[in-house]
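Asker: Just to be clear, the model below is a prediction. Sequence and coordinates:
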Amino acid sequence: MREKPSVPEDLTAPETHTLWAWIQKRHPHIRKWRARQLVDECLSHWRAKGNPKGYRDWEAACRNWITKSEMWAQERRNERPQEPRGELRIIRGGKD
């Protein structure tokens, strides 16, 4: 049985460049600092868990993490109460 690879402390430069190119293509609204933060969150999460899923391709794991983070953020935005649109009527209580 093959040993599960450990989670890298950081992605190497070539992986980071290809990952950044993928992010720019698939999620162009994500800024570089946020992309870096998401990659760090992914690696920290799996480092804490000890790689129980046996990931071998950490760039793919980070792509999955980023895609899911964006999906969940969109779901949270859709769950927020919407602000009223259009004309507001002022209703006064009591006698006019």
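Answerer: Structure received. Numbers count the residues shown, from 1 in each chain.

Asker: looking just at contacts, which helices and strands does the helix or strand containing residue 70 meet?
Answerer: Element membership for residue 70, per DSSP states H and E: helix 58-79. In terms of contact count using 3 or more CB pairs under 8 Å, 6 or more residues apart in numbering; DSSP states H and E, helix 58-79 is assigned the packing partners helix 13-26, helix 32-49. No exception for glycine: its C-beta is placed from N, CA and C like everyone else's.

Asker: what's it in contact with?
Answerer: Contacts with helix 58-79, where a contact means CB atoms under 8 Å, 6 or more residues apart in numbering, come from 7-8, 11, 15, 18-19, 22-23, 26-27, 30, 35, 38-39, 41-43, 45-46, 55.

Asker: Residue 36: neighbouring residues, count only.
Answerer: A total of 16 residues lie near residue 36 under the criterion other CB atoms under 10 Å.

Asker: quick one on the thing from earlier: run the angle between the helix holding residue 70 and helix 13-26 for me.
Answerer: Interaxial angle, helix 58-79 versus helix 13-26 (axes from the mean of the first three to the mean of the last three CA atoms, to 10 degrees): 30 degrees.

Asker: What mean pLDDT does helix 58-79 get?
Answerer: Per-residue confidence for helix 58-79 averages out to 87 on the pLDDT scale.
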